[in-house]
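K.L.:
This is the structure alone, sequence omitted:
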C-alpha cells in the first residue's frame, strides 16, 4: 500500500517517459548490431564469392567460427558488463564490434598482399592451386575480422537487458525488450534494401569490388550511436531527464515482499551483491535460460545467415535484385509482429493475476507452436516462393517474441547485479547453437548438391534446406518442455 501511494503521489507531478528514450537507444544499437552481421550474408554470394572462389562450406565455416567466438565471448561479456557498468560496458562493446565490422573491408587487400597479387582481378581470374590459396587465405582473414566483430557484439544483449532491468518494472520488461529486440528485425529488414545497393553502387564507381564500402559504411553507424549514448545515459536515479514520478514507477517492484527479502543485503548504491560466476550454474533457473537459448537461437541465426542464399540457390534471385529484396523485406516485415508478442505476458498478468514467470511461460508455449509451420515451408514453396517467405517470417516473429520473454525470465528471477551475467551465459548457449547449425548447414548443402541427395521429395540443395527447416520447426517446443521441467514455478534467486 505504501509503495502504491508513493507511485500515485508521484504521478500527480506528471510522469516523464524518458525510459522509452533509453529503449529507443537500445533499439537502434540492436538494429546496427544486426546490420553489421548481415553485410557478409548479403554480399558473399554475389560479390565476395566470385572474387575469392568460396563454396558453401567456406561460408558456413566462417559463420560457424563467428558463432562459437560469439558464444565464448558471451560467457565473459555479461560478467564484463556487470563489472564495468552499463554505460562504459556498452560503449566498449559497440566500439569493438564497429571496428571489427570495418576490418572486413581490409580482407581483400590483405589476401592480395599475402599471395603477392597485384589486384582483385588477379584473384578473380585465379585457377587451380592459386584459386584454392585465394579461398583459404581470404577465409582466414575474414575469420579474423569476424572474431573481433563477435567479441564486441557479445556485449549487446547483456548490456541491453541490464539497462531494461534498470529502467523498467518487471511487468513492462518483456514489452520493452520486445521493442528494442525489434531492432534486430528492423536491422535485418533495412539491410537487404541497402547493403547490396551500396555494394553495387561503389562497385560501379570502381571503388574496390563494392562490398568493402558496404562494411565501412554500415560499420561507421556504431560510432555515431556512441555519441548519443554518452550524452543521454545515466542510471535512473541520477538522470536529469527522469523525474520523481517516473523514478517511482521504475522502482515500483523494490518494496514487494520477494524483492525486499532478496535485497536485504543491498549495498549503498542500491545494487545487490553479485552472485559468484560459477555459483550461477547451481541454479536450475540458469539452466532453464541456457536450454531455452540453445534450443532456439540457432533457428534465428540460420535465417539471418542463410535465407539470402536460400532465395538465390532455390529460386535463383541474386541478393541485389528487386525480387530478392522484396522477399526479404516482406519476411522481416512479418517478423515485426514480435512487438505484440512482448505485450502478451502483460495482458495475461492483467487478466489472470499470474506472476510474471507463469505468464511468460504461458505466452512462450503459444510462441513455440508457430515454428512447427517451418516443416511445411519447402513443400509449399513448390507452389510459390511466397509461401516459405511468409512461413519463415512467422517463425521469425515467434522467435523474437520467445527471445524477448526468455530474456525477461532472467530479469524476473535474478538480482539486477547478476542479470547481465545470466544473459551472457544464455548468449553463450545460443552461440553454440548457431555454430552447430551454421557449420552443419554449410556441409549439408555442399553434400546435398554433390550427391543429389533426396529428402521429402526434394533433391539437391532444396532437400538440405528441408532437413534444416524440420529441425527448426520442433526446436521451440522441445526448449519449452525442458524449461518447464527445470523451473516449474517462479522462484526469486537470493544472493
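P.N.:
Happy to help now that I have it. Treat the numbers as computed from the prediction; the structure is a model and nothing was measured.

K.L.:
rest of the way, CA atoms for contacts and neighbours
P.N.:
OK.

K.L.:
can you pull out the strands in the chain?
P.N.:
Here the chain has its strands, by DSSP state E, at 454-455, 458-459.

K.L.:
And residue 301, how far from residue 454?
P.N.:
According to Cα to Cα, to the nearest Å, residue 301 stands 25 Å off from residue 454.

K.L.:
neighbour count winner among those two?
P.N.:
residue 301 (21 against 15; other Cα atoms under 10 Å).

K.L.:
Need the nearest residue in space to the more buried one, chain neighbours excluded.
P.N.:
residue 434 (5.9 Å; Cα to Cα, 6 or more residues apart in numbering).

K.L.:
Ok, residue 473 next?
P.N.:
Closest residue to residue 473 apart from its sequence neighbours, by Cα to Cα, 6+ apart: residue 372 at 4.2 Å.

K.L.:
go on, residue 360?
P.N.:
Closest residue to residue 360 apart from its sequence neighbours, by Cα to Cα, 6+ apart: residue 345 at 5.2 Å.

K.L.:
circling back: was I right to think the residue nearest to residue 301 contacts residue 65?
P.N.:
No - using Cα atoms under 8 Å as the test, residue 434 is too far from residue 65 to be in contact (9.6 Å).

K.L.:
returning to what we had before: if I pick the residue nearest to residue 473, what's in contact with it?
P.N.:
Listed by Cα atoms under 8 Å, 6 or more residues apart in numbering, the contact set of residue 372 reads 472-474.

K.L.:
and what of residue 251?
P.N.:
168-169.

K.L.:
List phi and psi for it.
P.N.:
phi -100, psi 20 (degrees, to the nearest 10).

K.L.:
sorry, back to before: neighbour count winner among residue 434 and residue 65?
P.N.:
Set residue 434 next to residue 65 and count neighbours by other Cα under 10 Å: residue 434 wins out with 30 against 23.

K.L.:
Tell me the confidence at that one?
P.N.:
What the model reports as pLDDT for residue 434 is 86.

K.L.:
any idea how far residue 352 lies from residue 358?
P.N.:
Counting by Cα to Cα, the gap from residue 352 to residue 358 is 10 Å.

K.L.:
Have a look at the two and say which one is more surrounded.
P.N.:
residue 358 (19 against 10).

K.L.:
so that one touches residue 487, yeah?
P.N.:
No - if you go by Cα under 8 Å, residue 358 and residue 487 don't touch, sitting 10.1 Å apart.

K.L.:
on that earlier part again, quick one, which of the contacts of residue 372 are buried?
P.N.:
Among the contacts of residue 372, those buried by neighbour count (16 or more other Cα atoms under 10 Å) are 472-474.

K.L.:
mind giving me JSON lines with those residues and columns for pLDDT?
P.N.:
Converted to JSON lines, these look like this (pLDDT from 0 to 100):
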{"residue": "472", "pLDDT": "94"}
{"residue": "473", "pLDDT": "94"}
{"residue": "474", "pLDDT": "96"}
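
K.L.:
The residue nearest to residue 214 when sequence neighbours are not counted and residue 351, how far apart?
P.N.:
Excluding the flanking residues, the one nearest residue 214 by Cα to Cα, 6+ apart is residue 199, at 5.4 Å. Residue 199 sits 50 Å away from residue 351, going by Cα to Cα.

K.L.:
can you check residue 88 too?
P.N.:
When distance is defined by Cα to Cα, residue 88 is 40 Å away from residue 351.

K.L.:
Settle it for me: which of those two has more neighbours?
P.N.:
residue 88 (14 against 9).

K.L.:
so residue 221 sits right up against residue 33, yeah?
P.N.:
No - contact criterion Cα under 8 Å: residue 221 and residue 33 do not qualify, at 9.5 Å.

K.L.:
With neighbour numbers in mind, choose between those two.
P.N.:
residue 33 (29 against 18).

K.L.:
residues contacting the nearest residue to the more buried one once chain neighbours are set aside?
P.N.:
Leaving aside its chain neighbours, residue 33 sits nearest to residue 153 (6.7 Å; criterion: Cα to Cα, 6+ apart). For residue 153, the contacting residues are 33, 70, 93-94, 96-97, by Cα under 8 Å, 6+ apart.

K.L.:
Narrow those residues to those that are buried.
P.N.:
33, 70, 93-94, 96-97.
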